[in-house]
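Enquirer: The following comprises the amino acid sequence and a computationally predicted model.
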Amino acid sequence: MPLLNVQNLHVSFHTHQGVIKAVNNVSFSVEKGETVGIVGESGCGKSVTCYSLLGLIPQPPGKIEKGSALFDGIDLLHLPPHELRKIRGKRISMIFQDPMSSLNPYLKVSTQLIEPLLVHEQMDKKQALKQSIQTLEKVGIPNAPHRIHDYPHEFSGGMRQRVMIAMALLTKPEILIADEPTTSLDVTFQSQILELLKRLQKEYGMAIIFITHDLGVIAHISNQVMVMYAGRIVESARTKELFKDPKHPYTSALMKSIPAYHKKGDTLYTIPGLPPHLSENFNGCPFTSRCEYVEKSCETTDIALTDVGMGHLSACTKIQNKEINFRPQPIRGGSHE
């Protein structure tokens, strides 16, 4: 039985401009100790999917229209707020996208770090401070007993991200949701953060849901990958299988956009057009306006996410009918297994 099982999740935002269908019929599962990557362009519904699991969608304008999210047998989507608070920050933690805006600039790091322990573990302040220092040392903050009393602006971007990771791991969660934790970091710090997460995951035995737009990062850290587009999952597979044999034109287009696939001096490939506006009602595949393989039936037929072999799921009729095939070379460095 999976640790987390999400089924038929629909999330909308009711605005003056109309109803934005941000997440449309999303289903996935996460096993203990597994890393599941969610990848796609900005605005495709990656973060909204995970925020809705933790009750972090502002309601209104947001609304979870339907679906379930069973975590250890408990449906997160239908828990009373006070019960969800017992899980959020303790059994399921989150690293937010921007550590500068996620950390309170008016409070010392020590004050912010000990709060989860005071709330969820009922520790006294002395115990909580000791454990917070130990966790900061574990994530690589030098001179942690002194630095813990600094303010967020006194840390570099990479160090602030390590503080956020420490805060998320203080209660040793069963699931860690990492929302683009390396986006604002340079390549060196990015690699360090990914290796740190992998090491701590092994030490704590936790599962990770890793949200990113970067396929290179996904190849490095994930076991399973879900590709999202316009609020839907269009492809899902084991990481190695997805990079070896993608099964959706959007995934193939994303891979062609990776700079490592281009020779020096070549013009970088970009996907033509724009995603559909999520307030519009459309039938068929949402990628039709940008797809080079589109046919009339793609625009009119609702395409279900279907197993096309060995647990590889695709929402493309031409792939399902074995009419097209993509086989790009693996990204340098291989995929994480």
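Expert: Sure thing, it's come through.

Enquirer: rest of the way, CA atoms for contacts and neighbours
Expert: Fine.

Enquirer: what's the nearest residue to A168 if we skip its chain neighbours?
Expert: The shortest distance from A168 to any residue other than its chain neighbours is 5.3 Å, reached at S93 (Cα to Cα, 6 or more residues apart in numbering).

Enquirer: I figured the one you found hits L176, correct?
Expert: Yes - applying Cα atoms under 8 Å, one finds S93 in contact with L176, separated by 5.0 Å.

Enquirer: Can you work out which residues contact both of those two?
Expert: Here S93 and L176 have 168-169 as joint contacts, going by Cα atoms under 8 Å, 6 or more residues apart in numbering.

Enquirer: and T135, what element?
Expert: In this structure, T135 is located in helix 125-138 according to DSSP states H and E.

Enquirer: cool, and I177?
Expert: When secondary structure is defined by DSSP H and E, I177 falls within strand 175-179.

Enquirer: I'd like the average pLDDT over that strand.
Expert: The predicted model assigns strand 175-179 a mean pLDDT of 92.

Enquirer: For that strand, could you pull out the residues that count as buried?
Expert: Along strand 175-179, these residues count as buried under the neighbour rule (16 or more other Cα atoms under 10 Å): 175-179.

Enquirer: Show me how far the longest helix seen in the chain is from its chain's centre.
Expert: Secondary structure of the chain read by DSSP state H shows that its longest helix is helix 187-204. Going by Cα atoms, centre = their mean, to the nearest Å, the spacing between the C-alpha centre of helix 187-204 and its chain's C-alpha centre is 15 Å.

Enquirer: Pull the residues that contact that helix.
Expert: Judged by Cα under 8 Å, 6+ apart, the contacts made with helix 187-204 from elsewhere in the structure are 33, 139, 158, 162, 172, 182-183, 207-208, 221.

Enquirer: Select only the buried ones of these in ChimeraX?
Expert: Selecting only the buried entries of these in ChimeraX, with 16+ other Cα under 10 Å as the criterion:
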select :33,139,158,162,172,182,207,208,221
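
Enquirer: could you pull out the helices for the stretch 51-200 of the chain?
Expert: Taking DSSP state H, counting those that start in this stretch as the criterion, the stretch 51-200 of the chain contains helices spanning 81-87, 99-102, 109-120, 125-138, 144-147, 157-169, 187-204.
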